[in-house]
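1. Structure for the following, please:
(one chain, ligands or ions: 2)
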Amino acid sequence: MISNTISIPDVDVEQLPLRIQRDLRSDHAGEAGAVMIYKGILKVTKDPEIINFAKNHLETENKHLSFFENWMPRKNRSKLTFLWKMSGFLTGVIAASGARYFTYLTIYIIESFVISHYQKQIRTGPSQLCEALRMLQQDEKHHRKEAEAFMCNAPNLLERLWSFALEKGSKGAVLMARLI
Ligand SMILES: [Fe+2]
Ligand SMILES: [Fe+2]
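-> Numbers count the residues shown, from 1 in each chain. Ligands and ions are numbered 1, 2, ... in the order given. Next comes the predicted model:
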């Protein structure tokens, strides 16, 4: 079940410890990238099943992005947001260039990363943010489950290499977005 509106926490982002501000900056970067992944998929695919899948997910990712943008002052966002958007779009284009399985695998890997990214913050962050982070994470779990439902075989070597690149790329992006 996809969450409805995620309430903005009753806390000023700039009053939060720097570590948390950095986490939130990486969250915003990730959601900006996620929106563009689905836009990239929709730019390339002609497959009605993938179009439907991507449109549904895009709607949720737009909600996630709006949540952060309605809450976080612009100066708290990553200075490299254009880069996260571009790499998200490119990821979506590549994901949709292969077979359906390749698209679903890409989403499965990305969502798995995002779920554990939010999990770390839920475990170690301030309690005022817990509910919003949990709702975001629930949606990502739902997205992963939807992708997983269509994955009926094990990835081949190329797909494993792509998964590895996605995981490393996501990790690197979080590290950079936390800083810049
Ligand atoms: Fe999201
Ligand atoms: Fe998602």
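2. where along this protein do the helices fall?
-> Secondary structure of the chain (DSSP state H): helices at 18-44, 48-71, 81-97, 100-124, 127-148, 157-179.
3. what does the fifth one rub up against?
-> Put plainly, it is helix 127-148. By C-beta atoms under 8 Å, 6 or more residues apart in numbering, the residues outside helix 127-148 that reach it are 1-3, 6-11, 20, 27, 53, 56-57, 60, 64, 67, 104-105, 107-108, 111-112, 114-115, 118-119, 121-122, 125. Just so you know, the C-beta spots here come from the backbone N, C-alpha and C atoms, and that holds for glycine as well.
4. Find the closest residue to ligand 2 in the protein.
-> Minimum separation of the chain from ligand 2 (C-beta to the ion) falls at H143, amounting to 3.9 Å.
5. and that residue, how many neighbours does it have?
-> Neighbour count of H143, defined by other C-beta atoms under 10 Å: 24.
6. The one 10 residues further on too?
-> Other residues within reach of N153, judged by other C-beta under 10 Å, total 8.
7. Check what pLDDT the nearest residue to it once chain neighbours are set aside gets.
-> Counting by C-beta to C-beta, 6 or more residues apart in numbering, Y101 is the residue found nearest to N153 once chain neighbours are left out, at 7.0 Å. We note a pLDDT of 92 for Y101 in this prediction.
8. got the contact list for Q121?
-> Residues in contact with Q121, defined by C-beta under 8 Å, 6+ apart, are 20, 23, 27, 129, 133.
9. How many neighbouring residues does the second one have?
-> What it means is D23. D23 sits with 23 neighbouring residues when counted by other C-beta under 10 Å.
10. ditto for the first one
-> If you count neighbours by other C-beta under 10 Å, I20 ends up with 18.
11. wouldn't it be in contact with K120 here?
-> No - counting by C-beta atoms under 8 Å, I20 stays clear of K120, with 11.6 Å between them.
12. Just the buried subset of the contacts of helix 127-148, please.
-> Neighbour counting by 16 or more other C-beta atoms under 10 Å classes 3, 6, 9, 20, 27, 53, 57, 60, 64, 67, 104-105, 107-108, 111-112, 114-115, 118, 121-122, 125 among the contacts of helix 127-148 as buried.
13. Could you identify which of the helices of the chain is most buried?
-> The highest mean neighbour count among these belongs to helix 18-44 (a mean of 21), with neighbours defined as mean count of other C-beta atoms under 10 Å.
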